[in-house]
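Visitor: Sequence and predicted structure below; questions after.
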Amino acid sequence: MNRNAAPLATIVMYHVVRPASAAGPFQRVKGLDVSAFREQLLYIRAHYTIVRLFDLVTAAEGIQPLPPRPIVLSFDDGYAGHYRWVFPLLVDAGAPAVFFPVASALLDRRVIDVNKVQFILAASDDVEQLVTAIDAAIEREQPGLPTPAEYRSRWWTSSRWDPPEVVYVKRLLQHALPESVRRPLVDHLFQTLVTADEAGFADELYMDAGQLRELHEAGMTIGAHGDRHVRLPTLPRHEQALEIDGALRVLDVLGLPQRKFAYCYANGDHDDDSVDLLRARQCSIALTTRPDLARIVPEAMLTLPRLDTNDLPVRADDDPNEWTRRAAAATALTP
């Protein structure tokens, strides 16, 4: 296939979707309001053609071309709100989507670290207190660890969505600290600031296997999103393999084969080992979080980029934004 003539598709990712008035843990974290999702869905239907994730695979294989301005809706982590609030709206709109639950959250009722850190931040009145707790934990490990100043020189930086102090807390509590330091600190902060009942909290936060089965039976695509939602490049190759294989337990619950499956990298992170391991397991398509339109060619199918929900308008009558105009221009240029 001529790479310059290859079709472009938009893949948009969602995480927490809930009403502004939602009770329970959803009140404590940032997310997309259901009314905004409803409006964004109308915007998407006005400017795009919603397709299934595996439609991208058949297009890359030259089996079936994509329609004009194709878009895939993807939902990460397996939140209960995806079943409770998103699923009915998708059914009403006749819109397919792909869902990527985390195996340990769905099956073991564990709260994944990225969520623990979100709720720790939401429950804390002062981010500086969290910074102080992290720095104190680092100081206790001296001289075995880099100093707090050295950690700050690498991780004290802003992101697309967060100021530097929040990025520092997130990165160190999610992956930057050694596991022997990070794990006790995250668990202590979560139990102290949020709850000591992790399983009960998980029951509120995530959908269960029966609800996931309902999504699948209604025609939604289900993919794998890690066993523990660990950033794969932080693991040696053999542990990456364990994380990927553990993720495939989600497919077992639905009776789906562990081949020709879809994978979503935790936090979008991957390296050559990650791609090799997925290819060896006959994974058909894998998604990152790199913001861009996805070029649908065989060699790119295990590293496809995605937009965030915040990259698209949340009013049905908004004019096409830059990403939408780029998608329309790509369709016009594709033979």
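Guide: Done, it's in.

Visitor: now the residue of the chain most remote from its centre, what's its secondary structure?
Guide: Here the chain reaches farthest from its C-alpha mean at residue 143, the gap being 35.7 Å by Cα atoms, centre = their mean. Judged by DSSP: H, G, I helix; E, B strand; the rest coil, the three-state class of residue 143 is coil.

Visitor: can you confirm residue 240 is in a helix?
Guide: Yes. Under three-state DSSP, residue 240 sits within a helix.

Visitor: Let me see the confidence value for it.
Guide: In this prediction, residue 240 carries a pLDDT score of 98.

Visitor: Isn't residue 250 up against residue 108?
Guide: No. With contact defined as Cβ atoms under 8 Å, residue 250 does not reach residue 108; the gap is 11.5 Å. In short, each C-beta sits where N, CA and C put it, glycine included.

Visitor: which of these two has more neighbours?
Guide: Shown here are residue 250 and residue 108; by other Cβ atoms under 10 Å, residue 250 has more neighbours (27 against 14).

Visitor: Let me know the helix or strand that that one is in.
Guide: Residue 250 is part of helix 249-254 when elements are defined by DSSP states H and E.

Visitor: downstream neighbour of that helix in the secondary structure list?
Guide: Remark: after helix 249-254, the chain's next helix or strand is strand 262-264, criterion DSSP H and E.

Visitor: How far does that following strand sit from its chain's centre?
Guide: The chain centre lies 10 Å from the centre of strand 262-264; the measure is Cα atoms, centre = their mean, to the nearest Å.

Visitor: Run through the residues that contact the closest residue to residue 159 other than its chain neighbours.
Guide: Closest residue in space to residue 159, ignoring its immediate chain neighbours: residue 167 at 5.1 Å, by Cβ to Cβ, 6 or more residues apart in numbering. With contact taken as Cβ atoms under 8 Å, 6 or more residues apart in numbering, residue 167 is in contact with 155, 156, 157, 158, 159.

Visitor: are any of those buried, and which?
Guide: Listed as buried from the contacts of residue 167 are 155, 156; burial here means 16 or more other Cβ atoms under 10 Å.

Visitor: Just the pLDDT for the residue nearest to residue 169 when sequence neighbours are not counted.
Guide: Spatially, and ignoring its direct neighbours in sequence, residue 169 is nearest to residue 130 (4.9 Å; Cβ to Cβ, 6+ apart). Note on residue 130: pLDDT of 96.

Visitor: would you say residue 130 is within a strand?
Guide: No. Counting by three-state DSSP, residue 130 is located in no strand; its state is helix.
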